[in-house]
Structure formats: C-alpha cells, structure tokens
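Enquirer: Need a 3D model of the sequence below.
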Amino acid sequence: MSHVETETADQPACWRRAAEVAAERADALPAAGERVAVVGCGTSYYMAQAYAALREESGQGETDAFAASEFPAGRAYDRVVALTRSGTTTEVLELLARPRGGTRTVAVTADPGTPVREAADELVVLDFADERSVVQTRFATSALTLFRAHLGLHTDAVVRDAETALAEPLPEGLPECTQFSFLGRGWTVGLANEAALKMKEASLSWTESYPAMEYRHGPISIATAGTATWMLGAAPEGLAEQVRATGARWVESGLDPLAELVRIQRLAIARAVARGLDPDLPRHLTRSVVLDADA
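Expert: Numbering: from 1, shown residues only. Okay, the predicted model is just below:
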C-alpha cells in the first residue's frame, strides 16, 4: 500500500484531532471581526480559498486568500494566516519575513522543527497529519477542519461522512473517464480546485475546475460521452440535467463536501494505480518547493 493510500484512510481520525486543536489553540486563530489574509501554495492555497469563503459566509470578518507569491504589497490586515505543510516553502517564508507593522502572523504546519517556527508569530501544529507522500491529503483536510471547527462549522457528522466516503465503492466506470471537471459554489470552489489538482498530480489526468454557475459559460462545451462533471456540494438548479444531456457523466452525493473530496482522492489513487504510476511520487514534483536564491 502506498503512503498516500494510508494517509487518505487516516483522515477521520485526523479530523477529530484537528477539531480538538482548534479548541486548544483558539487564541492563535483569527478572532471574529478581524480583517484576515490566508496564504499558501498549491494545495494549501486552495484550502485557503475554502477557509476565506467560509469565514466570510459565517459573518466572522473580511477574509482574502492569496497564493503566497501573489500577496498584494501594501494591503493592511489584522492577521495573516499561512498554511505550509513542510514549513520550508520559499514563498511562504519570504512573505512572513516582510515587515508588516502590527500585523500578527500565524502559521499552520505539520512540522514545527522548520524555519517557519521563527518566521511566524504563532504556530499551530498538526504533526499528527504530516505525510510521507508528496501528494497532500490528510494535512490539507485537517487544516481546513481546524478552521471549520474554529468557526463553529465542524460536526461529528462530517467525520462520519468521511468514513462513508472511504468505505463505499467508487461509482462504476469513473476511473475510465477521459476528462474530469470539478465544480463548487462558495467555499467549495476551493475544494473543486484542489480536486482538479489532486487528479493531475497523482494520476496525470486531464482535469479542470470552475465555480458551478460559470460552467455553463463555455466549459460545458467539452462535456461529452466519456467525460465526468463532479459537483462538490449542492448544484445549481438544472445543471445536472444540462450536463447529462451532453452525454457526460454527472457525479454528486449527499456527503459533506470535504468528505466528497476524500472520494476524489481515492479516485486519483485508483487511476494512478491503473496507469502504473506511483501516486506518492508525482512527475516533476517534490514534497516542498524550496527555491534557489541564486536562480
């Protein structure tokens, strides 16, 4: 069994622990009313998108998400939250090192023994969700669970849905599809972006992701027999029927959207194995992107 298979299967336990950490470290996380920026790279950036939308939707305060390399200079925030599994990602460390006046910084990481410890004012450690695979699964979802719990949006039902997502067989025929479009609304747009990335990384699949209402504005033109359109969360009225009319496969479920992401992780692994790929070692990727200062 690959590392990513083991780490994917461990998510329900990690989510329970992440919810506990949210209570234990509430003082380190953004308070209601603060103006917050959340940054990350790759998967962490997409989790930042989901958290930012959730925080605003729940009335906790204005929240923006940025790729760490694209943080807007000169914009003022009460707090900057950085997601970095490894604690060594160059763009995140460079951002945290910038003078920001009175802005507090907090980093959520899996490895406290890394440079991010000195770079951030506060550290929230999810070491129980660290991973050996290059492909992120449990750290990303545990970080988002931490934030959902802090916002009062996490329940035991979410964990049970994750257990269901791990136990039920994947829909028949999905691994054979030639292209996947992942759709979301609100906070699940970030999950859709992550779903597309996961399939690309692990199985070299052709994937795209969109806000669900935007899918009608052009992207649906690629839907046909042999492709799949996968909705995370509640779909806009009429979209399922419109996609099915193209001959494409429509995929959705009643599971919590974060648990639905677990199903997609499983699909990415299954497609990788079917294609003879190592899902732990995606092509051209490493566990952390550390840039050469002289490059």
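
Enquirer: And the helices in the protein?
Expert: For the chain, applying DSSP state H gives helices covering 3-9, 11-24, 43-57, 90-97, 116-119, 138-150, 156-167, 188-203, 239-244, 257-274.

Enquirer: Now render those as CSV, adding distance to residue 224, mean neighbour count and mean pLDDT.
Expert: The way it works is simple: take the backbone N, C-alpha and C, and place the C-beta from them, glycine included. CSV is the format used below for those (distance: least, CB to CB, whole Å; neighbours: other CB atoms under 10 Å; pLDDT from 0 to 100):
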stretch, distance to residue 224, mean neighbour count, mean pLDDT
helix 3-9, 30, 20, 95
helix 11-24, 33, 19, 98
helix 43-57, 27, 24, 98
helix 90-97, 38, 20, 95
helix 116-119, 45, 16, 96
helix 138-150, 31, 27, 98
helix 156-167, 27, 17, 98
helix 188-203, 18, 25, 97
helix 239-244, 10, 16, 98
helix 257-274, 19, 23, 96
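
Enquirer: closest to residue 177 out of those?
Expert: Residue 177 sits nearest to helix 257-274 of all the helices of the chain, at 9.0 Å, using CB to CB.

Enquirer: Let's see that closest one as CSV, backbone CA atoms only.
Expert: Provided in CSV are the C-alpha atoms of helix 257-274 (Å, rounded to 0.1, in the frame of the first residue of the first chain):
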residue,chain,number,x,y,z
PRO,A,257,-18.2,18.5,0.5
LEU,A,258,-14.9,17.9,2.5
ALA,A,259,-15.8,14.2,2.7
GLU,A,260,-16.6,14.3,-1.0
LEU,A,261,-13.0,15.4,-1.6
VAL,A,262,-11.9,12.2,0.1
ARG,A,263,-13.8,10.3,-2.6
ILE,A,264,-11.9,12.2,-5.2
GLN,A,265,-8.6,11.5,-3.5
ARG,A,266,-9.4,7.8,-3.7
LEU,A,267,-10.3,8.1,-7.4
ALA,A,268,-6.9,9.9,-8.1
ILE,A,269,-5.1,7.0,-6.4
ALA,A,270,-7.1,4.4,-8.3
ARG,A,271,-6.4,6.0,-11.6
ALA,A,272,-2.7,6.3,-10.8
VAL,A,273,-2.5,2.6,-9.9
ALA,A,274,-4.4,1.6,-13.0
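
Enquirer: give me phi/psi at residue 87?
Expert: Dihedral pair for residue 87: phi 80, psi 10, per degrees, to the nearest 10.

Enquirer: got the contact list for the most centrally placed residue in the chain?
Expert: In the chain, the centroid-proximal residue (CA atoms, centre = their mean) is residue 47; its distance is 3.8 Å. The neighbourhood of residue 47, defined by CB atoms under 8 Å, 6 or more residues apart in numbering, consists of 40, 83, 140, 143-144, 190, 194.

Enquirer: just to revisit the earlier point, would you list the helices of the chain in TSV and tack on distance to residue 69?
Expert: Converted to TSV, the helices of the chain look like this (distance: least, CB to CB, whole Å):
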stretch	distance to residue 69
helix 3-9	26
helix 11-24	27
helix 43-57	10
helix 90-97	4
helix 116-119	15
helix 138-150	19
helix 156-167	31
helix 188-203	16
helix 239-244	33
helix 257-274	24
